[in-house]
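**Student:** whatever this is, show me its structure:
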Amino acid sequence: MAHSHGHDHAHDHHHTNNKKALLISFIFIFTFMIVEIIGGILTNSLALLSDAGHMLSDAFALGLSLFAFKLSEKAANADKTFGYKRFEILAAFINGITLLAISIYIFYEAYHRFLEPPNVSPMMLWIAVTGLIVNIIVAYILMYNGDTKGNLNLRSALLHVLGDLLGSVGAIIAGILILLFNWNIADPIASIIVAMLILVSGYRITKDSLHILMEGTPNNLSYVEVENMLTQLDGVINIHDLHVWTITSDFPALCCHMVVEQDTDRDALLKRASKLLHDSFSLHHTTIQIEGIDAEIEKEEDCCN
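**Tutor:** Next up is the predicted model:
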């Protein structure tokens, strides 16, 4: 049986950048969240309050993601043999569920405001513009200083911020309509549009994180293709008990049993198999157990008995 494990310096570099981007973003978001909550109360704007509520979730999401990155640095031990890396995915799942809950709450509040449209102060427009600027800065920090494509935890935090950015745009549009035409109903309409966008983001991040938590095959890999390429190696009769899953973002893993011909050079085969998995599928953490055909026949006879 062989075990292959590789560390990528680029992964450590991304990890450090992700933490810095999250910390700076958290400070920006948390500070403006206080301003927006106060502004929403003073102007009686649901669009602004829903935006502030989402910004509260942003602060929570960014803080949770940052905590997950810090926790994932803890070394593996006898109790947690993979360390605490999976907590990043758990944080992403919690962030996704939070997005779904926020969208449902905004729908609920908007429904009541349709029945009784409130008077909304035009001052909401200027607060929303400030919020848009803050969200653009934070989104830029996360997108260009962090690995939002490869890291699900950071991507979930970014989706919170982008949803909030759209919330600011909605509040600005509502503010303009209220200022020019006194259309107070624009406030709940803008809130519903934003809620729908948040709902889509929440669904996607929840689905992706749940797939990883359920040990699903990584979306960028084909289970059948991996199996076929391993089976085509010289000396391999068949593959069974093949499992491909993701520990955390950028950390896929594989294990399998490989039945080989009796005269096969097993050490050489393991090297070829490990190189194939590394080069073709970016699988650095692999465990392969090699079995002779006699062992396979004995196993089948035991099962029959």
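**Student:** pLDDT below threshold where in the stretch 201-305 of the chain?
**Tutor:** 294-305 (pLDDT under 70).
**Student:** what about 90?
**Tutor:** Scanning the stretch 201-305 of the chain with the threshold set as pLDDT under 90 gives 201-202, 204-205, 219-221, 247-251, 262-264, 282, 284, 292-305.
**Student:** so where do the strands sit in it?
**Tutor:** 236-248, 251-260, 285-292 (DSSP state E, counting those that start in this stretch).
**Student:** just checking, what packs against the longest one?
**Tutor:** With contacts defined as 3 or more Cβ pairs under 8 Å, 6 or more residues apart in numbering; DSSP states H and E, the packing partners of strand 236-248 are helix 87-115, helix 186-213, helix 223-231, strand 251-260. Glycine gets a C-beta too; all of them are placed from N, C-alpha and C.
**Student:** what does the last one give?
**Tutor:** Applying 3+ Cβ pairs under 8 Å, 6+ apart, we find strand 285-292 packed against strand 2-4, strand 251-260, helix 266-281.
**Student:** give me the buried stretch members for that strand, please.
**Tutor:** Within strand 285-292, the residues that qualify as buried are 285-286, 288, 290-292, counting by 16 or more other Cβ atoms under 10 Å.
**Student:** give me the angle between that strand and strand 236-248.
**Tutor:** Angle of strand 285-292 versus strand 236-248, following axes from the mean of the first three to the mean of the last three Cα atoms, to 10 degrees, is 160 degrees.
**Student:** how far does strand 285-292 sit from the chain's center?
**Tutor:** Distance of strand 285-292 from the chain centroid (Cα atoms, centre = their mean, to the nearest Å) equals 30 Å.
**Student:** who does it pair up with?
**Tutor:** Counting by DSSP bridges, the strands paired with strand 285-292 are strand 2-4 (antiparallel), strand 251-260 (parallel).
**Student:** nearest to residue 27, out of these?
**Tutor:** Smallest distance to residue 27 across these (Cβ to Cβ): 28.5 Å, for strand 251-260.
**Student:** can you list the neighbours in contact with that closest one?
**Tutor:** Identification of contacts with strand 251-260 by Cβ atoms under 8 Å, 6 or more residues apart in numbering yields 85, 218, 221, 226, 230, 235-247, 266, 269, 273, 277, 281-293, 295-296.
**Student:** which ones are touching the spatially most central residue of the chain?
**Tutor:** Closest residue to the average C-alpha location of the chain: residue 152 at 2.6 Å, with Cα atoms, centre = their mean. By Cβ under 8 Å, 6+ apart, the contact set of residue 152 is 88-89, 92, 205, 208-209, 212, 248-249.
**Student:** widest-spaced pair of the buried residues of strand 285-292?
**Tutor:** 285 and 292 (25.4 Å).
**Student:** so after the host helix or strand of residue 133, what's the next helix or strand?
**Tutor:** Element membership for residue 133 (DSSP states H and E) is helix 124-145. Next in sequence after helix 124-145, counting helices and strands by DSSP H and E, comes helix 152-181.
**Student:** now that following helix against strand 236-248, angle please.
**Tutor:** 50 degrees.
**Student:** give me whichever of the helices and strands packed on strand 285-292 is most buried.
**Tutor:** Mean neighbour count (mean count of other Cβ atoms under 10 Å) peaks for strand 251-260 among the helices and strands packed on strand 285-292, with a mean of 20.
**Student:** what would that one look like as PDB? C-alpha coordinates only.
**Tutor:** In PDB, the C-alpha atoms belonging to strand 251-260 read as follows (Å, rounded to 0.1, in the frame of the first residue of the first chain):
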ATOM      1  CA  PHE A 251      -7.400  19.600  -0.900                       C
ATOM      2  CA  PRO A 252      -8.900  16.700  -2.900                       C
ATOM      3  CA  ALA A 253      -8.100  13.100  -1.800                       C
ATOM      4  CA  LEU A 254      -8.300   9.600  -3.300                       C
ATOM      5  CA  CYS A 255      -8.100   6.100  -2.100                       C
ATOM      6  CA  CYS A 256      -8.600   2.800  -3.900                       C
ATOM      7  CA  HIS A 257      -7.700  -0.900  -4.200                       C
ATOM      8  CA  MET A 258      -5.800  -1.900  -7.300                       C
ATOM      9  CA  VAL A 259      -5.800  -5.600  -8.400                       C
ATOM     10  CA  VAL A 260      -2.600  -6.300 -10.500                       C
END
